[in-house]
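S.K.: Sequence unavailable; structure follows:
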């Protein structure tokens with residue numbers, strides 16, 4: 001009987017969490033794109049413009065690393081940009097999510113973790129209707145395999161895990177340190193410049209590679225490029241490495257969030 005009651009309580013809590021998540025994600029997207037002509041497709045415009053800019057500057061120089069093909073460089077730069085843009089937007093929005101909803105938390109009892117999760121989920125929806133279909137078409141053309149298209153979901157899952165873990169961490173820290181956004185801009189820049197976004201990983205000196213290996217976005221970008229552009233079967237060693245790092249970051253972020261959560265209400 002006790003186990004049955006616990007199961008029912010858990011089911012109700014999960015259902016309530018899911019309903020709250022749906023409401024918050026819908027609200028977030030409506031507020032963000034109210035009156036917008038392109039709506040969620042604005043999120044696709046930035047990587048496309050930046051891809052064109054990188055190609056104009058670096059395309060001829062780095063094309064030799066991509067089979068002497070400017071087109072391959074364009075696609076490689078695009079895959080790197082959609083990863084770094086997703087990371088930047090989802091974690092930056094998650095950072096202020098708890099503090100931004102402080103007034104609501106003081107009035108209604110809600111699971112605090114729902115706010116950073118809702119920000120990441122809103123960006124997942126953006127990606128799913130914006131960049132992912134284009135990436136899937138490119139993958140299908142290059143690999144001619146539905147297995148590769150489906151395999152794209154695995155490194156993207158790792159990206160979501162990383163962003164959720166970082167989102168938990170920074171949203172908790174922002175409650176205590178209100179100048180964190182200025183520092184976090186620098187963190188995002190370091191992640192961008194240390195990821196093989198506009199340059200191939202092959203040009204990185206051996207002495208520097210161990211340090212760049214600490215960047216969890218690098219294996220995600222390399223995995224997506226391998227699946228999309230190589231035309232070969234997905235390299236699961238890359239995929240599992242990316243997922244493992246995502247799980248570790250998620251667990252660390254969640255633990256830090258839970259440790260600090262009890263002190264939130266005194267500061268909101």
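M.R.: Here it is on my side, so go on. As the structure is a prediction and not an experimental result, all values here were calculated from the model.
S.K.: CA only for contacts and neighbour counts going forward, please
M.R.: Fine.
S.K.: Please, where are all the helices along the stretch 1-150 of the chain?
M.R.: 2-33, 42-62, 70-95, 97-100, 102-107, 114-129, 131-143, 146-151 (DSSP state H, counting those that start in this stretch).
S.K.: Stretch 257-268: how far from the chain's middle?
M.R.: 25 Å (CA atoms, centre = their mean, to the nearest Å).
S.K.: residues in contact with it?
M.R.: 99, 102-103, 106, 112, 168-169, 172, 175-176 (CA atoms under 8 Å, 6 or more residues apart in numbering).
S.K.: Give me the distance between residue 58 and residue 112.
M.R.: Per CA to CA, to the nearest Å, residue 58 is found 44 Å from residue 112.
S.K.: before we move on, the earlier item: go through the helices of the stretch 1-150 of the chain and find the least confident stretch.
M.R.: Mean pLDDT is lowest for helix 2-33 out of those, coming in at a mean of 77.
S.K.: Only the buried residues of that helix, if you could.
M.R.: Across helix 2-33, burial judged by 16 or more other CA atoms under 10 Å covers 17, 20-21, 24-25, 28-29.
S.K.: again with stretch 148-156
M.R.: Of the residues in stretch 148-156, 148-149, 151-152, 154-156 count as buried by neighbour count, 16+ other CA under 10 Å.
S.K.: what separates that stretch from the chain centre, distance-wise?
M.R.: Worked out by CA atoms, centre = their mean, stretch 148-156 lies 14 Å from the chain centre.
S.K.: how many other residues sit next to residue 191?
M.R.: 20 (other CA atoms under 10 Å).
S.K.: The one 3 residues further on too?
M.R.: Using other CA under 10 Å as the criterion, residue 194 is surrounded by 21 other residues.
S.K.: next one: the one 4 residues further on
M.R.: Using other CA under 10 Å, the number of residues around residue 198 comes to 25.
S.K.: Quickly note the distance from it to residue 208.
M.R.: Counting by CA to CA, the gap from residue 198 to residue 208 is 17 Å.
S.K.: Also residue 236?
M.R.: 25 Å.
S.K.: So for those two, which sits in the more crowded spot?
M.R.: Legend: neighbour count by other CA under 10 Å for residue 236 and residue 208, higher for residue 236 (14 against 10).
S.K.: Looks like residue 85 contacts residue 47 (just checking).
M.R.: Yes. Counting by CA atoms under 8 Å, residue 85 touches residue 47, with 7.5 Å between them.
S.K.: Neighbour count: those two, which is higher?
M.R.: residue 47 (21 against 18).
S.K.: who's in contact with that one?
M.R.: 78, 81-82, 85.
S.K.: so what's residue 232 up against?
M.R.: Residue 232 touches 143, 226, counting by CA under 8 Å, 6+ apart.
S.K.: helix/strand/coil for it?
M.R.: Taken by DSSP: H, G, I helix; E, B strand; the rest coil, the conformation at residue 232 corresponds to coil.
S.K.: hmm, back to that, let's have the contacts of residue 47 in JSON lines, adding distance to residue 41.
M.R.: Shown next, in JSON lines, are these (distance: CA to CA, whole Å):
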{"residue": "78", "distance to residue 41": "15"}
{"residue": "81", "distance to residue 41": "15"}
{"residue": "82", "distance to residue 41": "13"}
{"residue": "85", "distance to residue 41": "13"}
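S.K.: Do me a favour and get the end-to-end distance for stretch 138-152?
M.R.: 11 Å.
S.K.: which of the contacts of stretch 257-268 are buried?
M.R.: 99, 102, 112, 168-169, 172, 175.
S.K.: export those residues to JSON lines and tack on distance to residue 255?
M.R.: Output for those, formatted as JSON lines (distance: CA to CA, whole Å):
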{"residue": "99", "distance to residue 255": "19"}
{"residue": "102", "distance to residue 255": "21"}
{"residue": "112", "distance to residue 255": "14"}
{"residue": "168", "distance to residue 255": "9"}
{"residue": "169", "distance to residue 255": "9"}
{"residue": "172", "distance to residue 255": "11"}
{"residue": "175", "distance to residue 255": "16"}
